[in-house]
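Chemist: sequence plus predicted model, see below.
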Amino acid sequence: MEKLVAVAPRFDEVTEYSQAWMLDALTEINTLIEIHELLEDLAVRREVESALEDLSPEWFTHYDHGSDYVMWGDDEQPIINLSNLSRLAGMRVYCMNCSSGKGLGAHAVDQGIKEYLGYNDVVSFTTDQEQVFKSAFNYGLITAIQRNLELKDIIEEMRENGYILADQLRSEGDYIAAAALVNDMDILHVYYEGGPEPPEPECGVSASLKQLFGWNGLHFFRKWRQRLFPETLS
Amino acid sequence: MSDEFDKEILEVVKAKPGDWKLIIGSKSYTKEEIIENYGKDPNLRKTLRKMILNLKLHTLSRDEG
């Protein structure tokens, strides 16, 4: 049976929702995959790295705050960033966090990650429709594992499911929730070997480095920048 | 500076019933906070304009499709 390391901190209002969503997703798949949960004080870098090393899972999921180059932990410190992204090599990564698709996802394939599904910008939702958003956000993980599919094979179905849910919200007159959900589905992306190239870096310096040295070279420079000036890549 | 689109967005916010919050990343806004801060918070305004504009485009493409 394949293994899944599932990480969900809970330290504020948003992570109360995201952790509950992940736990609900896991109940749908817990007979199909061996799950290793890291919640609250276990959802920190040391525990995550240890679980990845000990279990060598095929799957990794993170439900929490994210930013371009960071998946955050319960201690509000990075659990995954450019320095240890390669620890996810060989895995399918399913992120329900903001923006990490844009930064970490763009480097995922070069770091040996099989697939990286994530959001390329800030995720939004309305609390009164959280069950609808949960359904949209969990769809890909549940579907891929239940049907033994790759993330690249389910992303369009996941997006369409989200759009259908958004259309229902719109037909009920809930334009704010519908708009948030459409936006979330628009920024959903999966990176994989042979897939579409990641979007070009917006920063001119990064674009030039990528042009000269490729994604691997850019990863090297960004990793060093992160070590020297951590605040610039968070 | 506000325009007709801003007024439309605020009408949509006001029309959404019940007790709810809009979560945008790590930020959280009640209906009243959106109405109060819309003109003062450029990020909130920019995000809501983009969201509603995307919904309009999505609706057009769905209706045509």
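Modeler: Arrived safely, thanks for sending.

Chemist: quick one: low-confidence residue ranges for the chain.
Modeler: You didn't say which chain, so I picked chain A. Along chain A, segments meeting pLDDT under 70 span A:230-234.

Chemist: other chain: chain B
Modeler: For chain B, applying pLDDT under 70 flags the ranges B:1-2, B:65.

Chemist: now do 80
Modeler: Per-residue confidence for chain B (pLDDT under 80) gives these ranges: B:1-2, B:63-65.

Chemist: need the residues of it near chain A, please.
Modeler: Proximity of chain B to chain A, by CB under 8 Å from any CB of the partner chain, involves residues B:12-13, B:15-16, B:18-26, B:28, B:47-48, B:50-52, B:54-55, B:58-59, B:62. No exception for glycine: its C-beta is placed from N, CA and C like everyone else's.

Chemist: out of those, which are buried?
Modeler: Applying a neighbour-count criterion of 16 or more other CB atoms under 10 Å in any protein chain shown, the buried members of the residues of chain B next to chain A are B:12-13, B:16, B:20-25, B:47-48, B:51-52, B:54-55, B:58-59.

Chemist: now the strands for chain A?
Modeler: A:3-8, A:34-39, A:59-63, A:66-67, A:70-72, A:78-80, A:92-96, A:115-119, A:124-126, A:188-192 (DSSP state E).

Chemist: closest to chain B out of the ones you listed?
Modeler: Among the strands of chain A, the nearest to chain B by CB to the nearest CB is strand A:124-126 (4.6 Å).

Chemist: what are the pairing partners of the closest one, and which direction each?
Modeler: With DSSP bridges as the test, strand A:124-126 is paired with strand B:21-24 (antiparallel).

Chemist: what distance separates the strand it pairs with from the centre of its chain?
Modeler: The gap between the average C-alpha position of strand B:21-24 and the chain average comes to 10 Å, counting by CA atoms, centre = their mean, to the nearest Å.

Chemist: which residues make contact with that strand from outside it?
Modeler: Contacts to strand B:21-24, defined as CB atoms under 8 Å, 6 or more residues apart in numbering or on different chains, come from residues A:13-14, A:17, A:122, A:124-127, A:176, A:180, B:28-30, B:34, B:44, B:47.

Chemist: sheet partners, orientation included, of the next helix or strand along the chain from it?
Modeler: Next in sequence after strand B:21-24, counting helices and strands by DSSP states H and E, comes strand B:27-30. If you go by DSSP bridges, strand B:27-30 pairs up with strand B:21-24 (antiparallel).

Chemist: chain center to the helix ranked longest in chain A: distance?
Modeler: The residue-count maximum for a helix in chain A (DSSP state H) belongs to helix A:204-228. Averaged C-alpha coordinates place helix A:204-228 at 22 Å from its chain's average position (CA atoms, centre = their mean).

Chemist: in contact with the spatially closest residue to A:Glu16 that is not a sequence neighbour, which residues?
Modeler: If the residues on either side of it in the chain are set aside, A:Glu16 comes closest to A:Arg10, at 5.7 Å by CB to CB, 6 or more residues apart in numbering or on different chains. Contacts of A:Arg10 were listed using CB under 8 Å, 6+ apart, and they are A:16, A:18-19, A:39-40, A:43, A:74.

Chemist: most neighbours among the contacts of strand B:21-24, please name it.
Modeler: Neighbour counts for these peak at A:Ala180, which has 28 neighbours (criterion: other CB atoms under 10 Å in any protein chain shown).

Chemist: residues touching that residue, list them.
Modeler: If you count contacts by CB under 8 Å, 6+ apart, A:Ala180 has them with A:124-126, A:133, B:22, B:51.

Chemist: do that again at 6 Å, thanks
Modeler: Taking CB atoms under 6 Å, 6 or more residues apart in numbering or on different chains, we find A:Ala180 in contact with A:124-125.

Chemist: before we move on, what about A:Ser100?
Modeler: For A:Ser100, the contact set (CB under 6 Å, 6+ apart) comprises A:66, A:71, A:118.

Chemist: JSON lines for those, including neighbour count and distance to chain B?
Modeler: JSON lines is the format used below for those (neighbours: other CB atoms under 10 Å in any protein chain shown; distance: CB to the nearest CB, whole Å):
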{"residue": "A:Gly66", "neighbour count": "28", "distance to chain B": "9"}
{"residue": "A:Met71", "neighbour count": "28", "distance to chain B": "14"}
{"residue": "A:Gly118", "neighbour count": "29", "distance to chain B": "14"}
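
Chemist: what's the closest of these to A:Phe60?
Modeler: For the contacts of A:Ser100, the minimum distance to A:Phe60 (CB to CB) is 9.5 Å, reached by A:Met71.

Chemist: right, and the closest one touches A:Ile80 too?
Modeler: Yes. Checked against CB atoms under 6 Å, the pair A:Met71 and A:Ile80 is within contact range at 4.2 Å.
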